[in-house]
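Peer 1: Sequence isn't available, so here's the structure alone:
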């Protein structure tokens, strides 16, 4: 199978969610990951907004220079999708498109409250489940997702191919 095969992509997204989990997560870790995301975007001359939330408490938020205020709304909608499904927003995006659906018209999900675009990743505590979200807005969805996954891979020292 080819890597551009959507079923291969979906399997890879499931694998990312399984491997990129934390043993513990606190405010210091949120700060470190948030700063790494900002530094990674800055190194690529990209402008993003980052939000890291655990159990409903915002632990990190930063809007880089040049980002529009509506990034906050995109973050809220993408994060809502993760909280609702337990999967990354890009996972849901891929799942819907594989099924032939529209990411803008998912049955039972109000598009004003949920966005099936890449960039929101479940903050999962191993053995406890999804505790929050790590969300980036500002790039195309696949790039937002790749930025979050890349930083998490580096922070968690996950060497396996994702």
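Peer 2: Sure thing, it's come through. Every value quoted in this text rests on a predicted model; they were computed, and no experiment measured them.

Peer 1: any weak-confidence spans in this protein?
Peer 2: Scanning the chain for pLDDT under 70 picks out 1-3, 101-103, 161-162.

Peer 1: buried stuff in the biggest strand by length in the chain?
Peer 2: Across the chain, the strand with the greatest residue count (assigned by DSSP state E) is strand 129-137. Within strand 129-137, the residues scored as buried using 16 or more other C-beta atoms under 10 Å are 130, 132, 133, 134, 135, 136, 137. Yep, even glycine has a C-beta here, placed from its N, CA and C like the rest.

Peer 1: Adding distance to residue 18, write these out as a markdown table.
Peer 2: Shown next, in a markdown table, are the buried residues of strand 129-137 (distance: C-beta to C-beta, whole Å):
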| residue | distance to residue 18 |
| --- | --- |
| 130 | 12 |
| 132 | 17 |
| 133 | 17 |
| 134 | 16 |
| 135 | 19 |
| 136 | 21 |
| 137 | 25 |
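
Peer 1: Residue 118 is in contact with residue 143, correct?
Peer 2: Yes. Residue 143 is in contact with residue 118 according to C-beta atoms under 8 Å; the separation is 7.4 Å.

Peer 1: Between these two, tell me which one has more neighbours.
Peer 2: Neighbours around residue 143 and residue 118, counted as other C-beta atoms under 10 Å, are more numerous at residue 118. The numbers are 28 against 17.

Peer 1: check contacts around the more buried one.
Peer 2: When contacts are counted by C-beta atoms under 8 Å, 6 or more residues apart in numbering, residue 118 touches 88, 89, 90, 93, 140, 141, 142, 143, 144, 145, 146.

Peer 1: Look up which helix or strand the third one falls in, please.
Peer 2: Which is residue 90. helix 89-98 (DSSP states H and E).
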